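S.K.: Let me see the structure of the following:
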Amino acid sequence: MTSAITTRTGFRFEVRPARPDDEPALAEFFTHVTPDDLRFRFLGGVKEVSHERLVTMTRSDDAHVHNFLAFSVDGMLVAVAMLASDPADRNGEVAICIRADRKHLGIGWDLLAYIAKYAEKLGIEAIQSIESRENHAAIEVERDMGFTITTDPDDATLVVVRRELGARSEG
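M.R.: Now for the predicted structure:
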């Protein structure tokens, strides 16, 4: 279940589902993420990713939660992504985090496109992400990919970015 991706910059990486034995690599990955990116990813004052959170990211028993890891060709974990859908699998929420020294290579763009295709194959009708208004880079990528941006009705410091996917086939 590994997919090879080459970005517009020529950077190559592989995406696969997270596994329990990925916990050490995931813990190490988060030591290479900026404090702002930790805040943007977890929408809070997370300074360090807890063991419990790492377990959740590598051992999900929930059929509606999918965690993905992106590795460069030399085996470095360069990005993580999560897709969580509602119980009816109609709407999905996406979260992505990229290693600080691997930004601006097109990883976020292509990983988000991969997640959107994956969600579409599951029959999910729309994906969205809740972003800090300060996360200009992510919001710009999402806008370029056809997401609409609206203010979060419960928190003016956040925006909801949403993109409709292909029609769900019934019958």
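S.K.: List the buried residues for stretch 119-135?
M.R.: 119-120, 122-125, 127-132, 135 (16 or more other C-beta atoms under 10 Å). For the C-beta atoms, the positions are set from N, CA and C on the backbone; glycine is no exception.
S.K.: Restricted to strands, list the residues you listed.
M.R.: Ile127, Gln128, Ser129, Ile130, Glu131, Ser132 (DSSP state E).
S.K.: From Met145, how far off is the first one?
M.R.: Note on Ile127: its distance to Met145, by C-beta to C-beta, to the nearest Å, is 10 Å.
S.K.: Name all residues that sit in contact with these two at the same time.
M.R.: Residues touching both Ile127 and Met145 (C-beta atoms under 8 Å, 6 or more residues apart in numbering): Ala116, Arg163.
S.K.: State which helix of this protein is the longest.
M.R.: helix 107-121 (DSSP state H).
S.K.: Can you give the distance from that one to the centre of its chain?
M.R.: The chain centre lies 9 Å from the centre of helix 107-121; the measure is C-alpha atoms, centre = their mean, to the nearest Å.
S.K.: from here on, count from 7
M.R.: Yes, from this point I'll number from 7; that puts the last item at helix 113-127.
S.K.: Excluding chain neighbours, what is closest to Ala125?
M.R.: Sequence neighbours aside, Gly98 is the residue nearest to Ala125 in space, at 4.8 Å (criterion: C-beta to C-beta, 6 or more residues apart in numbering).
S.K.: Output the below-cut-off pLDDT ranges for this protein.
M.R.: Residue ranges of the chain with pLDDT under 70: 7, 41, 44-56, 173-177.
S.K.: about what we covered before: other SSEs contacting the longest helix of the chain?
M.R.: Helices and strands touching helix 113-127, by 3 or more C-beta pairs under 8 Å, 6 or more residues apart in numbering; DSSP states H and E, are strand 9-12, strand 18-23, strand 71-78, strand 83-91, strand 97-104, strand 132-138, helix 142-150.
S.K.: Nearest to Asp160, out of the ones you listed?
M.R.: strand 132-138 (9.9 Å; C-beta to C-beta).
S.K.: So which elements touch that closest one?
M.R.: helix 41-48, strand 97-104, helix 113-127, helix 142-150, strand 164-170.
S.K.: try it again with 7 Å
M.R.: Applying 3 or more C-beta pairs under 7 Å, 6 or more residues apart in numbering; DSSP states H and E, one finds that strand 132-138 makes contact with strand 97-104, helix 142-150, strand 164-170.
S.K.: Sounds good, over and out.
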